[in-house]
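Visitor: Structure for this input, please:
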Amino acid sequence: MSNLSHADLLQLKRWNTPTIYNGWEQITRCDSGADAFNIEETRDYMPQMGPMVGYAVTLVIEPGNKAHRAANPKAGEEYRRYIASQPGPKIVVVQDLDKPRVLGSAWGEVSANMHRALGCVGTITDGAVRDVDEMTNAGFKALARRLCVGHAHVHPVRWGCEVEVFGRKVRPGDLIHADKHGFLVIPPEDQPRLLEASKFMDSNECETVIPAGRGSAGLPMEQVLANLEASIVKFGDNVRARFSREGEW
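Guide: Numbers count the residues shown, from 1 in each chain. I've put the predicted structure just below:
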């Protein structure tokens, strides 16, 4: 499932998610950049942990429906075996069928530690989380809709399937990069060149537009404008030479 080495994934964690997006949009065949990131607002409850990077494992829950436990009492064990069988690092993407209501949380101190033992680094859930301090202490990052006090009737309904969270569809094996800005879902075909493209776009900004902007103190305004225009042209030329397409400028 993974096209990237552990070393590559560690390097991807060094940049924020918008920077990774800048690289991704240069190599993808998607019609729109909005095809890959969350459309609805989400919240990072552990921004101090920085970005998380991992491969999607998926789960569907419905905390407001107690019938699921009776229908499949062994679903919890079967779900954990599914998680354990997938290569990591893993991010658990959870679709909550109760939304927009929040009737219970699948996440807390216990579940975070259990999933950490199974090779998961965090979760993205369109439901709720609780025990935020304890989850942080476990090294388990969470992006969620809101906080919640109780767990209600959380029981696995489906897993290892396509899910939709915050307006974005996610498949098992998709690479996810997430931080306080939101999350980016990268399909397998775009993964091999992602690190190279992200590095290039970050370097291109640092060598063109950013120094032109920061080096403007004390210059006449006409010179500032001329320097900015020249840097924008250079930025675009660099992108076209590398990727044969326009950059964001």
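Visitor: Now do the strands in this structure.
Guide: Counting by DSSP state E, the chain has strands at residues 43-44, 52-61, 90-96, 105-107, 120-125, 128-129, 141-144, 146-147, 158-159, 163-165, 168-170, 175-179, 182-186.
Visitor: The first one pairs with which strands, parallel or anti?
Guide: It stands for strand 43-44. When pairing is defined by DSSP bridges, strand 43-44 lines up against strand 141-144 (antiparallel).
Visitor: Kindly provide the whole-number mean pLDDT of the strand it pairs with.
Guide: Averaging pLDDT along strand 141-144 gives 98.
Visitor: Output the strands of the chain as CSV; include the columns distance to residue 5 and mean neighbour count.
Guide: Quick note: C-beta positions are derived from backbone N, CA and C, even for glycine. Shown next, in CSV, are those (distance: least, CB to CB, whole Å; neighbours: other CB atoms under 10 Å):
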stretch, distance to residue 5, mean neighbour count
strand 43-44, 26, 18
strand 52-61, 12, 24
strand 90-96, 16, 26
strand 105-107, 29, 26
strand 120-125, 16, 26
strand 128-129, 30, 26
strand 141-144, 21, 28
strand 146-147, 36, 14
strand 158-159, 27, 19
strand 163-165, 27, 20
strand 168-170, 22, 20
strand 175-179, 13, 26
strand 182-186, 15, 24
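Visitor: Residue 211: which of those is closest?
Guide: Residue 211 lies closest to strand 175-179 among the strands of the chain, at 25.0 Å (CB to CB).
Visitor: Put the alpha carbons of that closest one into PDB.
Guide: Provided in PDB are the C-alpha atoms of strand 175-179 (Å, rounded to 0.1, in the frame of the first residue of the first chain):
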ATOM      1  CA  LEU A 175      -1.900   9.000   2.200                       C
ATOM      2  CA  ILE A 176      -3.100  11.800   4.600                       C
ATOM      3  CA  HIS A 177      -1.200  14.900   5.700                       C
ATOM      4  CA  ALA A 178      -3.000  16.900   8.400                       C
ATOM      5  CA  ASP A 179      -2.500  19.800  10.800                       C
END
